[in-house]
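Engineer: return atomic coordinates for the entry below.
(2 chains)
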Amino acid sequence: QKEVEQNSGPLSVPEGAIASLNCTYSDRVSQSFFWYRQYSGKSPELIMSIYSNGDKEDGRFTAQLNKASQYVSLLIRDSQPSDSATYLCAGRLSSGSARQLTFGSGTQLTVLP
Amino acid sequence: GAVVSQHPSRVICKSGTSVKIECRSLDFQATTMFWYRQFPKKSLMLMATSNEGSKATYEQGVEKDKFLINHASLTLSTLTVTSAHPEDSSFYICSAPLGSETQYFGPGTRLLVL
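Structural biologist: Below is the predicted model:
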């Protein structure tokens, strides 16, 4: 099993809809998770981090963490065409460098106008 | 937020030459930096961890003699691709952690080896 797994998509949603991006992780990943957005040809930019069970909201973005199910998700409300990008889920490995992250393969999101 | 810069942003070189990529943390100190490469439509692959004042830690399968890393100061790490070949063409991205959790990425360097 990969340490962090994502559905590679592509995922298409109409403008204004809720986009739901999902990620599962293995026992080798600790309880710190991050969502990054990567536009084509650009480097990743941090959107949200989540460390505790439950939901964390920031504007149109909500991250959800379920430690029992080893599942983390990102909801984007009122999706805009500018949200079209690849979204990377990342977690911190339980072993190795304390600051090292492991990344999922990314989910490509397209928001249709 | 924290800023990490990379230089150059794009480089084209002939096969057999060496290319140096710089990664700088602009408003914070980074004793550790990470180097990734990314192929088109693929995820980030960690190449190595750059450590200020000590040797870099390379991931399995990454040739340390080909990808030389030097963490010269608390704000600068360099990656040198030695004797570059076309298969080394990729998008190289560095990152630096701020605090114990967050990592910030540089804008990346696109390398094309002819």
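
Engineer: just for chain A, where's the confidence low?
Structural biologist: A:1, A:96-99 (pLDDT under 70).

Engineer: what residues does it have near chain B?
Structural biologist: Applying CB under 8 Å from any CB of the partner chain, one finds that chain A approaches chain B through A:32, A:34, A:36, A:41-46, A:49, A:51, A:88, A:92, A:97-106. Any C-beta I mention is one placed from the backbone N, CA and C, and that applies to glycine too.

Engineer: give the contact list for residue A:32.
Structural biologist: Listed by CB atoms under 8 Å, 6 or more residues apart in numbering or on different chains, the contact set of residue A:32 reads A:49, A:51, A:91, A:92, B:101.

Engineer: show me which of the residues of chain A next to chain B are buried.
Structural biologist: A:32, A:34, A:36, A:43-44, A:46, A:49, A:88, A:92, A:99-106 (16 or more other CB atoms under 10 Å in any protein chain shown).

Engineer: re earlier: now distance to residue B:56 too, for the contacts of residue A:32, in TSV please.
Structural biologist: Listed next are those as TSV, based on distance: CB to CB, whole Å:
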residue	distance to residue B:56
A:49	26
A:51	28
A:91	23
A:92	20
B:101	22
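
Engineer: residue A:26: which of those residues is nearest?
Structural biologist: residue A:91 (9.0 Å; CB to CB).

Engineer: look at that closest one and say how many residues are nearby.
Structural biologist: By the measure other CB atoms under 10 Å in any protein chain shown, the count of residues near residue A:91 is 23.

Engineer: what's the spacing between it and chain B?
Structural biologist: From residue A:91 across to chain B, the span is 11 Å (CB to the nearest CB, to the nearest Å).

Engineer: quick check: which element contains residue 72?
Structural biologist: In the absence of a named chain, chain A is used. Assigned by DSSP states H and E, residue A:72 belongs to strand A:71-76.

Engineer: actually chain B
Structural biologist: In this assignment (DSSP H and E), residue B:72 forms part of strand B:67-73.

Engineer: what lies in contact with that strand?
Structural biologist: B:33, B:35, B:47-48, B:50-54, B:56, B:58, B:77-82.

Engineer: ok, now with 6 Å
Structural biologist: Identification of contacts with strand B:67-73 by CB atoms under 6 Å, 6 or more residues apart in numbering or on different chains yields B:48, B:50, B:51, B:52, B:56, B:77, B:78, B:79, B:80.

Engineer: got the residues of chain B near chain A?
Structural biologist: Proximity of chain B to chain A (CB under 6 Å from any CB of the partner chain) is limited to residues B:32, B:43, B:44, B:49, B:93, B:97, B:101, B:103, B:105, B:107, B:108.
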